[in-house]
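K.L.:
Structural data only, the sequence is not supplied:
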């Protein structure tokens, strides 16, 4: 079966442990950034389809990978999230904006 898909680091090892072979390559940075963005779309679609905790965890893993690939640390990502939550709020109050009147 042919794939052209970014996979987690241990997937080739898992495939081989099942007696199968796989062909892989290591992507250059520019292609990796493109594929990580596609992976974000894929994982988000899977979450939309299944709405379960495992898909949310997969989405977070890809978000972490995207942040690192773009040169951010996880600490920077988290501090930016916290700062935005402090300035603009989170989504705890379930507010739906219906209209703004000038």
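P.N.:
Looks like it arrived, so ask away. This is a predicted model, so every value here is computed, not measured.
K.L.:
And for the longest helix anywhere in the chain, what's in contact with it?
P.N.:
When every helix of the chain is counted residue by residue (DSSP state H), the longest turns out to be helix 29-50. With contact meaning CB atoms under 8 Å, 6 or more residues apart in numbering, helix 29-50 is reached by 5-6, 27, 55-56, 58-59, 62-63, 65-66, 69-70. For every residue, glycine as well, the C-beta is placed using N, CA and C.
K.L.:
Return the set of buried residues in that helix.
P.N.:
Across helix 29-50, burial judged by 16 or more other CB atoms under 10 Å covers 32, 35-36, 39, 42-43, 46-47.
K.L.:
Show me how far that helix is from its chain's centre.
P.N.:
Centroid separation for helix 29-50 versus its chain: 6 Å, with CA atoms, centre = their mean, to the nearest Å.
K.L.:
buried ones in stretch 19-30?
P.N.:
Of all the residues in stretch 19-30, not one is buried under the rule 16+ other CB under 10 Å.
K.L.:
Just the endpoints, please. Distance across that stretch?
P.N.:
With CA to CA, to the nearest Å as the measure, stretch 19-30 spans 33 Å from end to end.
K.L.:
Pick out the residue nearest the middle of the chain.
P.N.:
residue 62 (2.4 Å; CA atoms, centre = their mean).
K.L.:
host element of that residue?
P.N.:
Element membership of residue 62 [criterion: DSSP states H and E] is helix 53-69.
K.L.:
just residue 84 next, same as before
P.N.:
helix 74-88.
K.L.:
Between helix 53-69 and that helix, find me the angle.
P.N.:
Interaxial angle, helix 74-88 versus helix 53-69 (axes from the mean of the first three to the mean of the last three CA atoms, to 10 degrees): 110 degrees.
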